[in-house]
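K.L.:
Got a sequence here, can you model it:
(chains A and B)
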2 protein chains.
Amino acid sequence: MIELNFEKMGGLVPAIAQDASSGDVLMLAFMNRQAWEETLKTGMATYYSRTRDSLWVKGLTSGHVQQVREIRVDCDNDTVLLKVDQVGGAACHTGYASCFYQKVEGEELVTVGTPVFDPKEVYKK
Amino acid sequence: MIELNFEKMGGLVPAIAQDASSGDVLMLAFMNRQAWEETLKTGMATYYSRTRDSLWVKGLTSGHVQQVREIRVDCDNDTVLLKVDQVGGAACHTGYASCFYQKVEGEELVTVGTPVFDPKEVYKK
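P.N.:
Here you go, the predicted model:
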């Protein structure tokens, strides 16, 4: 198994998900060792949720999973870049394709683009 | 000033630098509030170095600064995406264009691409 440096962040590494086709950066999340190993094993982007303190297979609730096409590791082995196919076309729980839908314009954050799905429909309770 | 959530990571937010032209993800670093404000003010990517515990204007030593073309903020205001022009063509201190020059192939990390510069030349002491 490829060894990452989990020490710097107390057991975690940041993981960037990038759309394999468009090159758009979709989101940033964190992986612990188990999330990293599950991602390698299953080919599905798996993160560690800090708020829920648990493994998090991205898209398991919404169906919007991330199929991993390529994995890159940075120069000091403490950050991961996943190139993914984003099922459903949206990575963000708000319905936007990318979590980075807020653009800095002067002193303000302006929303860019329109949601791909309606969260109320997708996350029915 | 646009307010980010620095609480989650004890005063820091992760910041991703992406090449504004190619869309390649160049590196990930961290910003404290001061680094964020300096980046907004100067238009030069400025990070916070955890190892040196100091502000870090990217490229100040090598000349390979990052001119910020666009700034995106994610859905919960705790991660930044900088779209930059990478002066010198390389973001990584190893001389590679991107820090993510290691690709996972099976059980191994394989180097992708060739360095743009020789670190020994750039970081003369």
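K.L.:
dump the residue contacts of residue A:7.
P.N.:
Contact analysis of residue A:7 by Cβ atoms under 8 Å, 6 or more residues apart in numbering or on different chains lists nothing. All C-beta atoms are positioned from the backbone trio N, CA, C, and that covers glycine.
K.L.:
so it, which of the three states?
P.N.:
Using DSSP: H, G, I helix; E, B strand; the rest coil, the structure places residue A:7 in coil.
K.L.:
Relative to residue A:77, how far out is it?
P.N.:
Note on residue A:7: its distance to residue A:77, by Cβ to Cβ, to the nearest Å, is 10 Å.
K.L.:
Then residue A:60?
P.N.:
28 Å.
K.L.:
between the two, who's got more neighbours?
P.N.:
Between residue A:60 and residue A:77, residue A:77 has the larger neighbour count (other Cβ atoms under 10 Å in any protein chain shown), namely 16 against 12.
K.L.:
Can you report phi and psi for residue A:35?
P.N.:
phi -60, psi -40 (degrees, to the nearest 10).
K.L.:
typo on my end, residue A:29
P.N.:
phi -140, psi -170.
K.L.:
Run a quick neighbour tally on residue A:83.
P.N.:
20.
K.L.:
Please give the element, helix or strand, for residue A:68.
P.N.:
Residue A:68 is part of strand A:66-73 when elements are defined by DSSP states H and E.
K.L.:
Could you identify the helix or strand that succeeds that strand?
P.N.:
strand A:80-86.
K.L.:
and the closest residue to residue A:5 other than its chain neighbours, how many residues sit next to it?
P.N.:
Leaving aside its chain neighbours, residue A:5 sits nearest to residue A:78 (4.3 Å; criterion: Cβ to Cβ, 6 or more residues apart in numbering or on different chains). A count of nearby residues for residue A:78, using other Cβ under 10 Å, gives 17.
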